[in-house]
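> Have a look at this fold, sequence not included:
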């Protein structure tokens, strides 16, 4: 078969040419030969185009291998120097379509596109406000009545605050107060005492600060439907880190009391229990029943 211009042109490229440069040249020559064959419909031009297409596939494969090799070296470097950046890079590969990145255009409730940024922000606020916030008619109007009003509730201890601060996760997004867990931990005992005073004030007054009742909602696409429809997004709420610490202390105080009232068949949201344990027990039970049935027959 006659040698097609693609191979000779690729050989003319300098030795320092990157796989991307060779790929661009291969695609350019292949398109040129395809247009030529489309005009003439001759067998010789088709053979040239066929050979160019074959060589182009080889160049594409080589470019892909070189790209993954370069990316692998990049990941190896990040793994040694910055494990956090390494896991972020791996996660980016798994989410190439970026479902967390909404489109620049959003439709209103009637389906009409919105282009002004202020209108888009108002549409997002309207959608999540109706989705997450309850109206006055849905809120309970009954006042809070403690089960044992005559008993004094113990104040929150500094040791409780110190324990949850020590165990709190790092590198987490902040809420409306812009206070990170790293900043709280960096304050040391001063931060512990400050949090302890705030937590005890909330505990005694039974009223949370306004910042704790607000959240920054991040829309994430559900990977189905139009990206312009707000209904195709789910929201992730970024809460105050101090609010999370207070909730953790409250959960640790309530859990021992609740555990005494739960049945042994309750597995959800319990320590050292989960759906896997239920599945394993069910599987072993089914197998035992099946084996006993076979033995009886």
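Perfect, thanks for sending it. From a predicted model like this one, the values you see are computed outputs, not experimental measurements.

> you'd agree residue 48 is up against residue 34?
No - taking contacts as C-beta atoms under 8 Å, residue 48 lies outside contact range of residue 34: 9.8 Å. For every residue, glycine as well, the C-beta is placed using N, CA and C.

> Residue 265 in helix, strand or coil?
At residue 265, secondary structure determined by DSSP: H, G, I helix; E, B strand; the rest coil is coil.

> What is the burial count for it?
6 (other C-beta atoms under 10 Å).

> Next up, phi/psi of it, please.
Backbone torsions for residue 265, taken as degrees, to the nearest 10, come to phi -80, psi 0.

> Report the buried residues of stretch 39-58.
45, 46, 48, 49, 51, 52, 55, 56 (16 or more other C-beta atoms under 10 Å).

> Dump those residues into CSV; add secondary structure, distance to residue 104 and pLDDT as well.
CSV is the format used below for these (DSSP: H, G, I helix; E, B strand; the rest coil; distance: C-beta to C-beta, whole Å; pLDDT from 0 to 100):
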residue, secondary structure, distance to residue 104, pLDDT
45, helix, 44, 85
46, helix, 44, 84
48, helix, 44, 87
49, helix, 40, 87
51, helix, 44, 89
52, helix, 39, 87
55, helix, 40, 87
56, helix, 35, 87
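
> Nearest to residue 225 among the residues you listed?
residue 56 (36.0 Å; C-beta to C-beta).

> what element comes up after the lowest-mean-pLDDT helix or strand in the chain heading to the C-terminus?
In the chain, the helix or strand scored least confidently by mean pLDDT, DSSP states H and E is helix 5-12, which has a mean of 46. Once the chain leaves helix 5-12, the next helix or strand it forms, by DSSP states H and E, is helix 19-40.

> Now for residue 84: which residues touch it?
Going by C-beta atoms under 8 Å, 6 or more residues apart in numbering, residue 84 touches residue 171.

> So it versus residue 173, what's the distance?
Distance, residue 84 to residue 173, by C-beta to C-beta, to the nearest Å: 14 Å.

> for the stretch 1-150 of the chain, what are the low-confidence residue spans?
By pLDDT under 70, the low-scoring segments of the stretch 1-150 of the chain are 1-19, 94-102, 134-150.

> let's go with 90 and repeat that
Within the stretch 1-150 of the chain, the stretches with pLDDT under 90 are 1-117, 120-121, 124-126, 128-150.

> still on that earlier bit, which one of the buried residues of stretch 39-58 is nearest residue 218?
Nearest to residue 218 among those is residue 56, at 41.8 Å by C-beta to C-beta.

> The closest one touches residue 26, doesn't it?
Yes - Residue 56 is within contact range of residue 26, at 4.4 Å (criterion: C-beta under 8 Å).

> you'd agree residue 234 is in a helix?
No - using three-state DSSP, the assignment for residue 234 is strand, not a helix.

> Quick check on residue 215: phi, psi?
Backbone torsions for residue 215, taken as degrees, to the nearest 10, come to phi -150, psi 150.

> Distance of it relative to residue 128?
Taken as C-beta to C-beta, the span from residue 215 to residue 128 is 9 Å.

> Repeat that for residue 163.
The gap separating residue 163 from residue 128 is 34 Å, by C-beta to C-beta.

> That concludes my questions; thank you for your assistance.
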